[in-house]
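In: got a predicted structure plus its sequence, pasted below:
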Amino acid sequence: MKTIHIFLIFTVVAAIQLVVPSLMIFNKETVLKKGAAYRFKTQPIDPSDPFRGKYITLNYEVSTYNTKDSLWQQNEDIYVYVGTDSLDFAQVDTISKVLIPNKHQDYIKAKVGWYSKYNNNLQIDFPFDRYYMEETKAYAAEVAVRDRQRDTIPNDTYALVFVKNGEAVLNDVIIDDMSIKDYVEQGSMK
């Protein structure tokens, strides 16, 4: 009798360990397949952390939002409603502390980084600030993004992010209309 209970508990635990990651993967794949694609212009990244070898850190031009509302708490959940500018890059249209009913616009659930009363700027912490890569290529990718953004040529580095029902999935980082994986690979062949 005791063996049957142990077997049942083991089976339930094993099933949960398979179902939970599967649902997470399924949700991300759904966002990639059915979500709207947005191009988020990146800002220079900070390459000084030696422990970030398996991913590159991204900052976005739209991470700062000007608002006179000063009642923001650090790490507070917010809803960032996005649209596109005249060059088809993502822009923040509205930020709200609550989901706005009947607002038919794509939004991203994010967090408040900080609020500056001096210049009325709200720092947005987007949930897609890391792009994971093969460990041997991550540093080269980080250097490529940083160098490309410091170049005198207009910056054409952006993150391709898919958005659906508040969820956002970072699909790729693009440099000069080329995936960062291909860009780094091409650089290593020179």
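Out: Structure received. Worth saying up front: this structure is predicted, and the values here are computed from it rather than measured.

In: okay, CA-based contacts and neighbour counts for the rest of this
Out: OK.

In: find the centremost residue of this structure, please.
Out: The geometric centre of the chain, computed from its C-alpha atoms, lies nearest to Phe128 (C-alpha atoms, centre = their mean), at 1.4 Å.

In: distance check, that one against Ile78.
Out: Here the distance between Phe128 and Ile78 works out to 15 Å (C-alpha to C-alpha, to the nearest Å).

In: for this structure, longest helix please?
Out: The longest helix of the chain (DSSP state H) is helix 2-34.

In: list the buried residues for it?
Out: Burial within helix 2-34, assessed by neighbour count using 16 or more other C-alpha atoms under 10 Å, is assigned to Lys28, Val31, Leu32.

In: what sits closest to the last one if chain neighbours are left out?
Out: I take that to be Leu32. The shortest distance from Leu32 to any non-neighbouring residue, by C-alpha to C-alpha, 6 or more residues apart in numbering, is to Phe162 (5.7 Å).

In: using the three-state scheme, assign that neighbour.
Out: Here Phe162 is strand, with the state taken from DSSP: H, G, I helix; E, B strand; the rest coil.

In: what helix or strand is Thr94 on?
Out: Mapping Thr94 onto the secondary structure by DSSP states H and E places it in strand 90-96.

In: give the buried residues for that strand.
Out: Within strand 90-96, the residues scored as buried using 16+ other C-alpha under 10 Å are Ala90, Gln91, Val92, Ile95.

In: show the pLDDT at the nearest residue to Asp77 once chain neighbours are set aside.
Out: By the measure of C-alpha to C-alpha, 6+ apart, the closest residue to Asp77 outside its immediate chain neighbours is Lys111, 4.7 Å from it. If you check Lys111, the pLDDT there is 96.

In: what's the neighbour count on Lys111?
Out: A total of 20 residues lie near Lys111 under the criterion other C-alpha atoms under 10 Å.

In: can you tell me which residues contact the residue nearest to Leu32?
Out: Val31, Leu32, Gly35, Ala36, Ala37, Tyr38, Ala168, Val169, Leu170, Asn171 (C-alpha atoms under 8 Å, 6 or more residues apart in numbering).

In: closest to Val20 out of the residues you listed?
Out: For Val20, the nearest member of the contacts of Phe162 is Val31. The distance, counting by C-alpha to C-alpha, is 17.0 Å.

In: quick check: closest non-adjacent residue to the closest one.
Out: Here the residue nearest Val31, using C-alpha to C-alpha, 6+ apart, is Lys164, at 5.6 Å.

In: so how far is Gly35 from the one you found?
Out: If you measure Lys164 against Gly35 using C-alpha to C-alpha, the figure is 5 Å.
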